[in-house]
Every structure is written in structure tokens, then in C-alpha cells.
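Asks: Take this sequence and fold it.
(2 chains)
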Amino acid sequence: MESKGRFGKYGGQFVPETLMNAVGELEEAYDKYKNDPEFNRELKDLLENYAGRPSLLYEAKKMSRDLGGAKIYLKREDLNHTGSHKINNVLGQVLLAKKMGKTRVIAETGAGQHGVATATAAALMDMECEVFMGEEDTKRQALNVYRMKLLGAKVHPVTTGTMTLKDAVNETMREWAGRMEDTLYVLGSVMGPHPFPTIVRDFQKIIGREIKEQLMEREGRLPDAVIACVGGGSNSMGAFYEFIPDKEVRLIGCEAAGLGINTEKHAATIARGTGGIFHGMKSLFCQNQDGQIAPVYSISAGLDYPGIGPEHAMLAAEGRAQYVPVTDEEAVQAFEYLSKMEGIIPAVESAHAVAYAMKLAPTMNKEQIIVVNISGRGDKDVAAIARYRGVQIYE
Amino acid sequence: MNRIKEAFENKKAFIPFITGGDPSLEVTKKLLPALEEAGADLIEVGIPFSDPIAEGPVIQEADVRALSAGCTTDKLFDAISEVQEQIHIPLVFMTYINAVYTYGKERFMKRCVECGISGVIVPDMPFEEKHELAEVCRQYGLELVSLIAPTSHDRICRIAKEAEGFLYCVSSLGVTGVRSEITTNVAEMIERVREVTEIPCAVGFGISTPKQAREMAEVADGAIVGSAIVKIIAAYGEECVPHVTKYVREMKAAVALAEQGH
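Replies: Numbers count the residues shown, from 1 in each chain, chains lettered A, B, ... in the order given. Reported below is the predicted structural model:
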């Protein structure tokens, strides 16, 4: 029997039997609605009139001049409603849940961006919403916890394991296995069991499609490189997907190297991970030789995940995309740099991509173009960055 | 070679579950023969995992205890091999697929055979993915135990047709853990199995009282009890063996009553 949802040797559907009908039902619904004109009309309306799409493609002239190399464009996903790319996926999935007759959505969240986006879409579409968030992250991102509550969601702090994103995923899967009749798990990244990696990619690929159209209009050509940060990998997959057939476009994913990939404090799955099967998928994971999942680390709660979506694992194996580690320090410098240079405060996750662009741009010439995906805005990170710099402020 | 079916021959089976290495491998080595002595017909040994998504809090905590005490896959194999001669009933591993995959499928199965393990249950490897391990299990003569759940419906026939050893019938939605009441119509699940195969069916998830064990054994061929036992281990730690065996005797007696009912 061929297993479903494979990306090369990666992917699959490794969930307990109890959940197999639930993922099957989701797959069936998605296959039915993805080409349904009415569904797509409703989604388009939500994306344009609620989320604010298309997001801007902004030419960062000062930054380009300052770095003295390639021309840099920023894809402004931070300007979306709720402040990140996560809204693209949740509007799609919550609308799908509604069509499926579900009345309740559950979600995991790391930084809180996906939780906030899910709570937002649930409020808009009259769905009950419960979000699972590692207790450690509820402290790092206390504002987002309150935001979710304001939006009417119930937030469950997860106190098992490392109390971060992977534990939140575990707990959401457990919750779903206990209640699936009226509930859809709205997964936040291009990971997990089939059909999630495909569904999330499809709802996020609008990022790359817009980049392509907008850049064609402005420059009449494709970019030389597209750069995005990678945790589970949804904003990067969204930015990359449309360019995969365009072999001349370099696709660069920036992983969280934390205190450095030669320390134990990182979340750089492609650089340091090994093959495994976890969270429903065959992919690469930070783990020990017994397959115990490692407690990963990054200053960014959104990149603090020990695995990576299976399609990224495939792109890495094929060499179609390149993945580079970026440390906390580099990300914080980029966070500060972009704020001062362009007046744009990026999410600390997105700052990982900015940091690599700062290294790459000076090695390229003025005719070349880099697009950096600013996946989210940095307001949520200001207090944490201040503390990183020794300034004690609390939200 | 394979002894799993023997566990169900002419009797209703009582199947205890323990997490390997909880609270220490020394306790595991004492528990295995003691469980047999107390009436277990087959024992499920869990390989501790950092992120056991099908487990409720009780077994999650057991996994944490085992891993904190230094249990590794190799050390668990070694511990079992040290006591294997004292054990005459079949042992099966309950393990998440990542433990097998990272250990190396071939190497894992080879060691299972060396330690006298008869089969493996992999809760996060559904029917559609079982090709990952089916071939290597066959090669080493290990039985790959399949699960059916209250949500399986039409999948039951497909799964049952290819089932090996015994069929693990998950009694309730959600994760492992003690439940005051089992609301699923387990008899109906088993009827569907019986349409295609005579393989023994054992019911697990939620069973903790002798009454529940008897009721489940009446409609099935055996009862599996995990969390209730793991709770006793958690409460008594290194001194848990007599407390566990006392409980297992009561549960086995309840299951045996179901035999007489038939």
C-alpha cells in the first residue's frame, strides 16, 4: 500500500488509528473544496477585505544602499491583519472547518502568532477556539496569551516535556484524538501528518505568487534569491513554492542556530537533525541516537521546534533549497538594524532571514535582487529584545 | 516460533503493560517474572519516549521517570535479555515508531528476537504506513500487532484481515488512561472483526477495575491494563512489585470469571 502525502521519502501519515478517520475526513473535504469556486470566492474575499492582501512588496532602498550589493525587497507579511503570515493559513483552514460542519477549532502555538490568528478567524467565523501553548512560551509571549483571550479563545498552558512548541503540538493531537466529531485541528505549519503539509502550503503559497507578480510588474524579472526563516517552515514554503520550478532563483531558508550549531542550544534541524518519524511525519528532527526528541532552543519562540516540514526536508535533500543557520545574536542585530534602517520592526523570527540577507547582499551586484520575507511584525518581541540587551522591561 | 496466539489459547488473556525502566531497569527486571507469576498471559513493555502522543498523563510521567533514570533502548534490551529465561509468556514491545526507526529497523528486530520478544505494537504507525516495518518484522518472525479504534468503522475489515498476533481494540477515544466508564460498543467492533478473521482481540485503554476487565473479557479475548498498573508503580516506586502483583492477581481472576461465563 502506498502511503499518502509523501514528499520524496519524507512525509506520510503517522498518527494513531483513532485519528485516521479524522485526517481522512479532512483530506476528503480539502479535495472537495480546494477547487470549489464558491469556497475560493469566500476565501479570496476574506484575504483581501479582512486580512488586507495583497501584502506590499517594498523596495528597501536604504538597506540596499547601506549593504552595497543586491537590491533588496521586503515582502511585508507583517502588515497582514494579526501581524503575520499565519492569517493566510487559518482563514483557509477555519473556513474549511466551517464547511465541514465543525463548530470548534483547536490549535498549537509557539510564539502565539498562530494561536492569535486562529482565535481571530474563529471569532470572525463564530467557532469555539482552544489554543495549546507551552507554559514556557506563555511567559515569553504573555501579551499574545491575553490577546487570544480577548478574541474569545481558551488558552491551555502545556506543562509537559520542554513546555514549548513541540509539547503544544503533542497536547493538541491528544485533544483531537479525544474529540474530533465537532472539532478540527488547525495546524499552524507545513508539518504534521498528511494532509496538513499540503493544505498549509497551499494556503501559504499566495506569498510567493504575489512576490512573483509584484516583482514582474516592478522589475520585469524574477528575483535571484528568496530568503525566509524556517521553524516548521510555513512562511518559507509559502514564499518558495511558486519559485520551485524557476531553477535560477535561489531559495534560502534560515534556521534558528540559537547560541550556535556547535552548542546544544539551537533549533537548526537541517544543519544538525537526523532522519526520524514524529508528529505524524517522516522528516528530519533534532534528536538523540535513541530517537528521543531534543529540547531545542532559540530566542524566537516561533522557530523553537525540533523538526521541519517534510517538503523542506525534500527540497534540502534535492539541493533545490539551501538552509543556513542564523544565531540569536545575528537575529537580534538584524532586528535592530531593520528597525533603524527602514523603520520596520520585524518579528524576531523574520529577523533571522534579514540577518542572512545582510550577509548575502554585499556579495552580490546591484543588478541582482533579493526578496526577504518579513513573515511577521516585531511588536511582540520588543520586551524580549530589550531584556536580551539588558534592559529590564516587561509587557 | 511465535507464542502470541498461545496466550489466548483456551483462555481469556490478561495483559499488563509496564513502561520499561520505570522507575528503574532493576524494577523492570523484577516485575517481568513477577507479572507472569501473578497470572499475566502476555506482557506489553513500553519503550519510553520523550513525546508519547497517544498516552495520557500517567504513562507520560512513567516515560519521564524512565528516561530520567537513564533508560535507553539498548539498556532495556539488555535488561530483558538478563531475565528472559525466567519468562515463559510472550513479551511484546509497545513503541513509538521513532525509536525503531532511529535504532535501525533491522538491528531493532534482530535484538528483539535475541531477547525473546514476540511482537511489536506501534501506536503511531497506522495501517497505511505499516509497510515501514511489515517486511522486516516478517523477516525476523516478529508479529506486528495492529490497532483498531472506536473511529475505525469501515477500516476495521481492512485492518483485521492483515492483523497478526492479536488485534488491539482501543476502547475509547483520546489517549491512554483510567476511565470510570467505557461507552464504546466494543462488542460491535469485535463483531466486525469476526466477519473477516478469528484473530484474538484484546481490549485496552481505560480499563482499571476488575468489573471493567471482566466485562471487556466477556466480549473479547483479553483485557489490557496499563495506566492503572503504572499508577501503582508510581506510588510505590522501587517497592512496587508486591503491590503490582496483588492487583494483577485480582484482575486476572476477574478476567477468568469471564471465561466461565462462556
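Asks: Next to chain B, which bits of the stretch 101-250 of chain A? Give me the list.
Replies: A:160, A:161, A:166, A:167, A:170, A:173, A:174, A:177, A:178, A:179, A:180 (Cβ under 8 Å from any Cβ of the partner chain). C-beta here means a position set from N, CA and C on the backbone, and glycine is covered the same way.
Asks: does the first one sit in a helix, a strand or a coil?
Replies: Residue A:160 carries the three-state label coil when classified by DSSP: H, G, I helix; E, B strand; the rest coil.
Asks: Next, count neighbours for the closest residue to it other than its chain neighbours.
Replies: With Cβ to Cβ, 6 or more residues apart in numbering or on different chains as the criterion, residue A:160 has its nearest non-adjacent residue at 5.2 Å, and that residue is residue A:167. As a burial measure, residue A:167 scores 25 neighbours (other Cβ atoms under 10 Å in any protein chain shown).
Asks: tell me which element residue A:167 falls in.
Replies: Residue A:167 is part of helix A:165-178, with elements assigned from DSSP states H and E.
Asks: low pLDDT regions in the stretch 151-262 of chain B?
Replies: Flagging of the stretch 151-262 of chain B using pLDDT under 70 yields the residue ranges B:261-262.
Asks: can you give me the helices in it?
Replies: Using DSSP state H, counting those that start in this stretch, the helices of the stretch 151-262 of chain B run over B:155-161, B:186-194, B:210-219, B:227-236, B:241-261.
Asks: So which of the ones you listed is nearest chain A?
Replies: When the helices of the stretch 151-262 of chain B are ranked by distance to chain A, counting by Cβ to the nearest Cβ, first place goes to helix B:155-161 at 6.6 Å.
Asks: Give the buried residues for the lengthiest helix in chain A.
Replies: When chain A is parsed with DSSP state H, its longest helix is helix A:17-33. Buried residues in helix A:17-33, defined by neighbour count with 16 or more other Cβ atoms under 10 Å in any protein chain shown: A:17-24, A:26-27, A:29-30, A:33.
Asks: any bit of that helix sitting next to chain B?
Replies: Yes - counting by Cβ under 8 Å from any Cβ, chain B has neighbours in helix A:17-33: A:17, A:18, A:19, A:20, A:21, A:22.
Asks: Next SSE downstream of that helix?
Replies: Scanning forward in sequence from helix A:17-33 by DSSP H and E, the next helix or strand is helix A:37-49.
Asks: if you skip the residues just before and after it, what's nearest to residue A:151?
Replies: residue A:119 is the one closest to residue A:151 (Cβ to Cβ, 6+ apart), at 3.9 Å.
Asks: what's the residue closest to the geometric middle of chain B?
Replies: Here the mean C-alpha position of chain B is nearest to the C-alpha of residue B:44 (Cα atoms, centre = their mean), at a distance of 3.4 Å.
Asks: so what's it bridging to?
Replies: Judged by DSSP bridges, the bridge partners of residue B:44 are residue B:17, residue B:92.
Asks: pLDDT score for the closest residue to residue A:112 other than its chain neighbours?
Replies: Leaving aside its chain neighbours, residue A:112 sits nearest to residue A:144 (2.7 Å; criterion: Cβ to Cβ, 6+ apart). Listed pLDDT for residue A:144 reads 90.
Asks: To which secondary structure element type does residue A:144 belong?
Replies: Put simply, residue A:144 is helix when judged by three-state DSSP.
Asks: where's it relative to residue A:378, distance?
Replies: Using Cβ to Cβ, to the nearest Å, residue A:144 is found at 13 Å from residue A:378.
Asks: ranges for the helices of the stretch 51-200 of chain A?
Replies: A:61-67, A:86-99, A:113-124, A:135-140, A:142-150, A:165-178, A:196-204.
Asks: For residue B:238, which of those helices is the nearest?
Replies: helix A:165-178 (28.5 Å; Cβ to Cβ).
Asks: The closest one to helix A:17-33, inter-axis angle?
Replies: 90 degrees (axes from the mean of the first three to the mean of the last three Cα atoms, to 10 degrees).
Asks: residues near the residue nearest to residue A:151, how many?
Replies: Residue A:119: 30 surrounding residues under other Cβ under 10 Å.
Asks: Over to residue B:146?
Replies: Neighbours around residue B:146, by other Cβ under 10 Å: 24.
Asks: so what strands line up beside the helix or strand harbouring it?
Replies: For residue B:146, the host element (DSSP H and E) is strand B:143-148. Within its sheet, strand B:143-148 is paired with strand B:117-121 (parallel), strand B:167-170 (parallel), according to DSSP bridges.
Asks: what's the most buried one of the ones you listed?
Replies: Mean neighbours per residue, mean count of other Cβ atoms under 10 Å in any protein chain shown, is largest over the strands paired with strand B:143-148 for strand B:167-170, with a mean of 26.
Asks: isn't the residue nearest to residue A:112 right up against residue A:380?
Replies: Yes - with contact defined as Cβ atoms under 8 Å, residue A:144 counts as touching residue A:380 (6.0 Å).
Asks: list residues touching both of the two?
Replies: The contact sets of residue A:144 and residue A:380 overlap at A:111, A:112, A:113 (Cβ atoms under 8 Å, 6 or more residues apart in numbering or on different chains).
Asks: State the distance from the residue in the stretch 1-150 of chain B positioned nearest to chain A to residue A:274.
Replies: Per Cβ to the nearest Cβ, residue B:102 is where the stretch 1-150 of chain B lies closest to chain A, at 3.4 Å. Taking Cβ to Cβ as the measure, residue B:102 falls 7 Å from residue A:274.
Asks: What of residue A:256?
Replies: Counting by Cβ to Cβ, the separation of residue A:256 from residue A:274 is 17 Å.
Asks: ok so, going back, ranking the helices of the stretch 51-200 of chain A by burial, who's on top?
Replies: Highest mean neighbour count of the helices of the stretch 51-200 of chain A: helix A:113-124, a mean of 28 (counted as mean count of other Cβ under 10 Å).
Asks: So which elements touch that one?
Replies: If you count contacts as 3 or more Cβ pairs under 8 Å, 6 or more residues apart in numbering or on different chains; DSSP states H and E, helix A:113-124 packs onto helix A:86-99, strand A:104-109, strand A:128-134, helix A:142-150.
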